[in-house]
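Participant: From the sequence below, what's the structure:
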Amino acid sequence: MPFHFRFGPADLLRCRFSISPRWETQEAVRVLLRPQRQAYHLPWLRQIRAAAAGLDLRPLWLLMPLAGHNPDFLSPPPTGPSVTFEEELARVRSTDPGAAREDLRRSLVCTPGALESEAGQRMLADPARAVRELADLYERAWCVLVAPHWPRLRALLEADILFHSRRLAASGLEALFDGLHPDLRWSGNTLTITRRGHHDRSLDGQGLLLMPSAFVWPEVVGGYDPPWQPTLVYPARGIGALWTAPAGPAPEALARLLGRARADILCALTDPASTTALAHRLSLAPSTVSAHLKALRGAGLLIASRHGHQILYERTPLAIALATGPAGS
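Facilitator: Take a look at the predicted model:
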């Protein structure tokens, strides 16, 4: 049965994008549980295997049914375009125990045997303790699974938002939704996810929060019951190349023209990226990368776009010609 988001006039004006490190942590944990999600992430799985073995993720997996309710309080929609994991986790820790208990119960009943299990009963008997322990476990999962890779992941998600923001500006909301995922359909005032369990949600003037995710592939997820912000989570563009090794050094001809470091930066900007992401990708100091970006931008080879607190750099047509044309061949 389909999942419907029903828009009113005000909702069309209140759609926005955001990135959630808390959500990426949750979905990274889910990838470890679901082999069908692992195809694009095998290099990452090899890197984190030993460290992940030290985590007991069973309490979190118990709350990740194949179909049905996932506790909303564990992954509240981000309140702004750029939030930190620590800010999001603080919201989880502040959850009212009574609300948490009902949220946990609704999730546990979706997995056969989970509600009656010792772990499930323990959560319901003391929801305040459950909130603390689940938040602590997510914090450990963040530190082991996601934080070491966050610059790379954030660069991917920011590049996706920039791409789709431009699609929205050029072609409108219908073209944006049609391009997010094959399972999305826009008709009249309704956005439909065609392969999800039946749900009918009026946005009631809140608009729709759009979140790209590296780990949600191949699914698109719609969710959050009132009073939470209605949210659509979709696979980010470019995940096929997410874990590939950085490209080799720039060709000698381009290095002689620009200098080795600036040529390498130019060739690394196959997608828009921030100073921090480039520094991580190229193993350079952020201050060094910042100075080179300023010089390249001053030469007309880069343009910069602000996304929240981040500035993303991308190549101009001239820079693309230099990096991929005769000098870059």
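
Participant: all contacts plus neighbour counts: C-alpha atoms, from now on.
Facilitator: Will do.

Participant: ok, longest helix in this protein?
Facilitator: helix 150-171 (DSSP state H).

Participant: next helix or strand past that one?
Facilitator: Where DSSP states H and E defines the elements, the next helix or strand beyond helix 150-171 is helix 173-180.

Participant: how far is the following helix or strand past that next one from where the chain is centred?
Facilitator: Going down the chain from helix 173-180, the next helix or strand is strand 184-187, by DSSP H and E. Distance, stretch centre to chain centre, for strand 184-187: 22 Å (CA atoms, centre = their mean, to the nearest Å).

Participant: quick one: strands adjacent to strand 184-187?
Facilitator: strand 190-193 (antiparallel) (DSSP bridges).

Participant: mind saving the C-alpha coords of the strand it pairs with as CSV?
Facilitator: Taking Å, rounded to 0.1, in the frame of the first residue of the first chain, the C-alpha atoms of strand 190-193 are listed here in CSV:
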residue,chain,number,x,y,z
THR,A,190,0.1,14.6,-3.1
LEU,A,191,3.5,13.1,-2.9
THR,A,192,3.3,9.2,-2.9
ILE,A,193,5.9,6.6,-1.9
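
Participant: Can you tell me what sits against it?
Facilitator: The contact list for strand 190-193 (CA atoms under 8 Å, 6 or more residues apart in numbering) reads 2-7, 177, 183-186, 220, 222.

Participant: how about 7 Å then?
Facilitator: Pro2, Phe3, His4, Phe5, Arg6, Phe7, Asp183, Leu184, Arg185, Trp186 (CA atoms under 7 Å, 6 or more residues apart in numbering).

Participant: can you redo these as CSV with pLDDT?
Facilitator: Below are those laid out as CSV (pLDDT from 0 to 100):
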residue, pLDDT
Pro2, 81
Phe3, 86
His4, 89
Phe5, 92
Arg6, 92
Phe7, 94
Asp183, 90
Leu184, 91
Arg185, 90
Trp186, 90
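
Participant: If any of the residues you listed are buried, put those into a ChimeraX selection.
Facilitator: Buried members of the contacts of strand 190-193, defined by 16 or more other CA atoms under 10 Å, are picked up in ChimeraX with:
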select :3,4,5,6,7,184,185,186
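
Participant: Mind jotting down where the strands sit in this protein?
Facilitator: For the chain, the strands defined by DSSP state E cover 3-6, 16-17, 184-187, 190-193, 199-202, 209-213, 221-223, 231-235, 302-307, 310-315.

Participant: what's the closest of those to Leu156?
Facilitator: strand 209-213 (9.0 Å; CA to CA).

Participant: So what are the sheet partners of the closest one and their directions?
Facilitator: Applying DSSP bridges, strand 209-213 is found paired with strand 16-17 (parallel), strand 231-235 (parallel).

Participant: Out of those strands, which one sits most buried?
Facilitator: Burial of those is given as mean neighbour count (mean count of other CA atoms under 10 Å); strand 231-235 ranks first at a mean of 21.

Participant: re earlier: so what does the longest helix of the chain touch, helix or strand wise?
Facilitator: Judged by 3 or more CA pairs under 7 Å, 6 or more residues apart in numbering; DSSP states H and E, helix 150-171 is in contact with helix 173-180, helix 275-282.

Participant: again, only this time at 8 Å
Facilitator: Helix 150-171 makes packing contacts with helix 173-180, strand 209-213, helix 275-282 when contacts are defined by 3 or more CA pairs under 8 Å, 6 or more residues apart in numbering; DSSP states H and E.

Participant: can you redo those as CSV with mean neighbour count, distance to Leu318 and mean pLDDT?
Facilitator: As requested, the helices and strands packed on helix 150-171 are arranged in CSV below (neighbours: other CA atoms under 10 Å; distance: least, CA to CA, whole Å; pLDDT from 0 to 100):
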stretch, mean neighbour count, distance to Leu318, mean pLDDT
helix 173-180, 16, 28, 88
strand 209-213, 24, 29, 95
helix 275-282, 20, 20, 87
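
Participant: Many thanks, I have nothing further to ask.
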